[in-house]
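>>> Any chance you could fold what I've pasted below:
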Amino acid sequence: MLDINPGLIIWTIITFVIVLAILRFTAWRPILAALAAREEKIRTSLEQAEQARDEAHRLLDENKRQQAQAEAQSQRIVEEGRALGDRLKSEIMEKARTASQQMIDQAKGEIQREKDVALKELRTEVADLAIMAAGKILETQLDPAKHRQLVDSAISSITKTGRV
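Numbers count the residues shown, from 1 in each chain. Model (predicted):
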C-alpha cells in the first residue's frame, strides 16, 4: 500500500488537470458569478444596514426634538392656565368687591330712608303728643292746625340746632 506507482501518479495528475480544465470552462464562471453576486448582496445589505442605522439615529433625534417641543408646549399651556386662573381670580375678586360695595351703599341708603321715615313719624307723634298735652294743660280745645304749625316750627328749630 505504501508503494509508489509512477503511472498512477501521472494518470491522477492528467485526470486532475482535465477535470480542472472542464470545471474552469463549465463551473468556474458560475461559481465566480455566484460569489460576485453573494459579495454584492452582502455589500448591499451592509449599505442598507448603515442607512437604517443612520435613519434610526435621525428618527431618534427627531423624536427627542418633538418631545422637547411637546414639553415646552405643555409648560406654555400650564403657564397660560395659571395666568388665566389668576386673571379670573382677580376679576371675580373685583366683581365681589364691587357687588359688596353696592350692597353696602344700598343698605346705607335703606337705613337712611328708614331713619328719615322713623324721624318723620316721631316728629308727628311728638307733635300730636305736644298738642294733646297743651290741650290738657289749658283744658280747652285749641285750634289743632295752629298748634301743629307752632309745634312744627319748634321741632324745625330744634333740628337745626342739632339736638335731635
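>>> ok, Val151 - how many residues close by?
19 (other CB atoms under 10 Å). (Glycine included, C-beta is placed from N, CA and C.)
>>> That one and Leu129 touch, don't they?
No: applying CB atoms under 8 Å as the test, Val151 and Leu129 come out as separate, 9.3 Å apart.
>>> Let's see stretch 66-73 as CSV, backbone CA atoms only.
This file holds the C-alpha atoms of stretch 66-73, laid out as CSV (Å, rounded to 0.1, in the frame of the first residue of the first chain):
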residue,chain,number,x,y,z
GLN,A,66,-40.5,66.6,19.2
GLN,A,67,-40.5,65.5,22.8
ALA,A,68,-38.7,68.8,23.8
GLN,A,69,-41.3,70.7,21.8
ALA,A,70,-44.2,68.9,23.5
GLU,A,71,-42.7,69.6,26.9
ALA,A,72,-42.2,73.3,26.0
GLN,A,73,-45.8,73.4,24.7
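>>> what mean pLDDT does it have?
The average pLDDT within stretch 66-73 is 95.
>>> Quick check: Ile77 vs Ser157, distance?
Taking CB to CB, to the nearest Å as the measure, Ile77 falls 73 Å from Ser157.
>>> err, Ala96, not the other one
Distance from Ala96 to Ser157, by CB to CB: 46 Å.
>>> Please apply the same query to Lys95.
48 Å.
>>> And Ile42, by the same measure?
According to CB to CB, Ile42 and Ser157 sit 125 Å apart.
>>> Quick check: phi and psi at Asn5.
Dihedral angles of Asn5 (phi, psi; degrees, to the nearest 10) stand at phi -110, psi 110.
>>> per-residue confidence at it?
85.
>>> can you pull the contacts of it?
Residues near Asn5 by CB atoms under 8 Å, 6 or more residues apart in numbering: none.
>>> What are the buried residues along the lowest-mean-pLDDT helix or strand in the chain?
Lowest on mean pLDDT, DSSP states H and E among the helices and strands of the chain sits helix 144-161, with a mean of 73. Buried residues in helix 144-161, defined by neighbour count with 16 or more other CB atoms under 10 Å: 147, 150-151, 155.
>>> Can you pull out the low-pLDDT segments for this protein?
1, 133, 135-142, 158-159, 161-164 (pLDDT under 70).
>>> and the longest helix for it?
Looking across the chain with DSSP state H, the single longest helix is helix 29-138.
>>> Find the centremost residue of the protein, please.
Gly81 (3.1 Å; CA atoms, centre = their mean).
>>> ok, now how distant is that one from Gln75?
Noted for Gly81: a distance of 11 Å to Gln75, by CB to CB.
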